[in-house]
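In: following is a predicted model, sequence given first.
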Amino acid sequence: MFPTIFSLGIKDLGPLTKRGSSLLVMAIIGGGVIPPIMGRISDASSIQTAFVVPLLCYVFILYLGSPGTNPHRPRRRFPYL
(Lines give C-alpha, C1' and ligand atoms only; values in the text may rest on other atoms or scores of the structure.)
Protein backbone atom coordinates (compact mmCIF):
# COMPACT_ATOMS: atom_id res chain seq x y z
CA MET A 1 0.00 0.00 0.00
CA PHE A 2 2.83 2.42 0.72
CA PRO A 3 3.86 2.94 -2.94
CA THR A 4 0.31 4.04 -3.73
CA ILE A 5 0.09 6.31 -0.68
CA PHE A 6 3.51 7.78 -1.45
CA SER A 7 2.79 8.50 -5.12
CA LEU A 8 -0.62 10.03 -4.35
CA GLY A 9 0.89 12.04 -1.50
CA ILE A 10 3.47 13.77 -3.69
CA LYS A 11 1.23 14.17 -6.73
CA ASP A 12 0.89 17.76 -7.99
CA LEU A 13 3.36 19.21 -5.48
CA GLY A 14 5.48 20.73 -8.23
CA PRO A 15 8.65 22.32 -6.84
CA LEU A 16 7.75 21.13 -3.32
CA THR A 17 7.99 17.44 -4.27
CA LYS A 18 11.29 16.92 -2.46
CA ARG A 19 9.96 18.46 0.75
CA GLY A 20 6.69 16.52 0.55
CA SER A 21 8.42 13.20 0.00
CA SER A 22 10.78 13.82 2.91
CA LEU A 23 7.79 14.53 5.18
CA LEU A 24 6.17 11.25 4.14
CA VAL A 25 9.36 9.34 4.91
CA MET A 26 9.69 11.08 8.28
CA ALA A 27 6.12 10.05 9.08
CA ILE A 28 7.10 6.41 8.66
CA ILE A 29 10.11 6.85 10.93
CA GLY A 30 7.91 8.63 13.47
CA GLY A 31 5.59 5.60 13.51
CA GLY A 32 8.57 3.45 14.45
CA VAL A 33 10.13 5.81 16.98
CA ILE A 34 7.23 7.42 18.84
CA PRO A 35 5.65 4.21 20.26
CA PRO A 36 8.88 3.04 21.96
CA ILE A 37 9.37 6.52 23.45
CA MET A 38 5.82 6.40 24.71
CA GLY A 39 6.43 2.94 26.17
CA ARG A 40 9.53 4.06 28.05
CA ILE A 41 7.69 7.04 29.54
CA SER A 42 4.77 4.78 30.44
CA ASP A 43 7.08 2.31 32.20
CA ALA A 44 8.84 5.12 34.06
CA SER A 45 5.69 6.94 35.22
CA SER A 46 2.19 6.23 33.88
CA ILE A 47 0.30 5.80 30.64
CA GLN A 48 -1.42 9.14 31.19
CA THR A 49 1.96 10.88 31.23
CA ALA A 50 3.05 8.96 28.13
CA PHE A 51 0.18 10.45 26.14
CA VAL A 52 2.04 13.76 26.22
CA VAL A 53 4.23 12.40 23.39
CA PRO A 54 1.42 12.05 20.80
CA LEU A 55 -0.02 15.33 22.06
CA LEU A 56 3.23 17.05 21.11
CA CYS A 57 3.09 15.36 17.70
CA TYR A 58 -0.45 16.63 17.13
CA VAL A 59 0.57 20.13 18.18
CA PHE A 60 3.35 20.00 15.58
CA ILE A 61 0.89 18.80 12.92
CA LEU A 62 -1.45 21.64 13.87
CA TYR A 63 1.45 24.07 13.46
CA LEU A 64 2.25 22.70 10.00
CA GLY A 65 -1.40 23.01 9.00
CA SER A 66 -1.72 26.58 10.19
CA PRO A 67 -2.01 29.36 7.61
CA GLY A 68 1.31 30.87 8.67
CA THR A 69 3.23 27.92 7.26
CA ASN A 70 1.62 28.05 3.80
CA PRO A 71 4.47 28.16 1.23
CA HIS A 72 2.24 29.77 -1.43
CA ARG A 73 1.31 32.74 0.74
CA PRO A 74 3.81 35.61 0.72
CA ARG A 75 5.22 36.36 4.16
CA ARG A 76 4.84 39.86 5.48
CA ARG A 77 7.69 41.42 7.35
CA PHE A 78 5.46 42.46 10.26
CA PRO A 79 2.47 40.08 10.28
CA TYR A 80 0.58 41.89 13.07
CA LEU A 81 0.64 45.35 11.47
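Out: All right, it came through fine. Numbering: from 1, shown residues only.

In: from now on I want contacts and neighbour counts done on CA atoms only, so please keep to that.
Out: Noted.

In: residues in contact with residue 49?
Out: By Cα atoms under 8 Å, 6 or more residues apart in numbering, the residues touching residue 49 are 41-42.

In: do the same with residue 47
Out: residue 41.

In: which regions of this structure lie under the pLDDT threshold?
Out: Along the chain, the model assigns pLDDT under 70 to residues 67-81.

In: three-state assignment of the residue positioned nearest the centre of it?
Out: Centroid check for the chain by Cα atoms, centre = their mean gives residue 61 as the closest residue, at 4.7 Å. Of the three states, residue 61 takes helix under DSSP: H, G, I helix; E, B strand; the rest coil.

In: ok, it to residue 8 distance?
Out: The gap separating residue 61 from residue 8 is 19 Å, by Cα to Cα, to the nearest Å.

In: do the same with residue 56
Out: Counting by Cα to Cα, the separation of residue 56 from residue 8 is 27 Å.

In: how about residue 53?
Out: Distance check for residue 53 against residue 8: by Cα to Cα, it reads 28 Å.

In: of the two, which one has the most company?
Out: Here residue 53 and residue 8 are compared on neighbour count by other Cα atoms under 10 Å; more neighbours surround residue 53, at 14 against 10.

In: ok, which stretches of this structure are helices?
Out: 2-9, 17-44, 47-50, 52-65 (DSSP state H).

In: for the longest one, buried residues please.
Out: Same thing as helix 17-44. For helix 17-44, a neighbour-count test (16 or more other Cα atoms under 10 Å) marks 20-21, 38, 41 as buried.

In: could I get those as JSON lines with distance to residue 14?
Out: Conversion of the buried residues of helix 17-44 to JSON lines gives the following (distance: Cα to Cα, whole Å):
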{"residue": "20", "distance to residue 14": "10"}
{"residue": "21", "distance to residue 14": "12"}
{"residue": "38", "distance to residue 14": "36"}
{"residue": "41", "distance to residue 14": "40"}
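
In: ok, so of the residues you listed, who is nearest residue 3?
Out: If you rank the buried residues of helix 17-44 by distance to residue 3 using Cα to Cα, residue 21 comes first, at 11.6 Å.

In: all good on my end, thank you.
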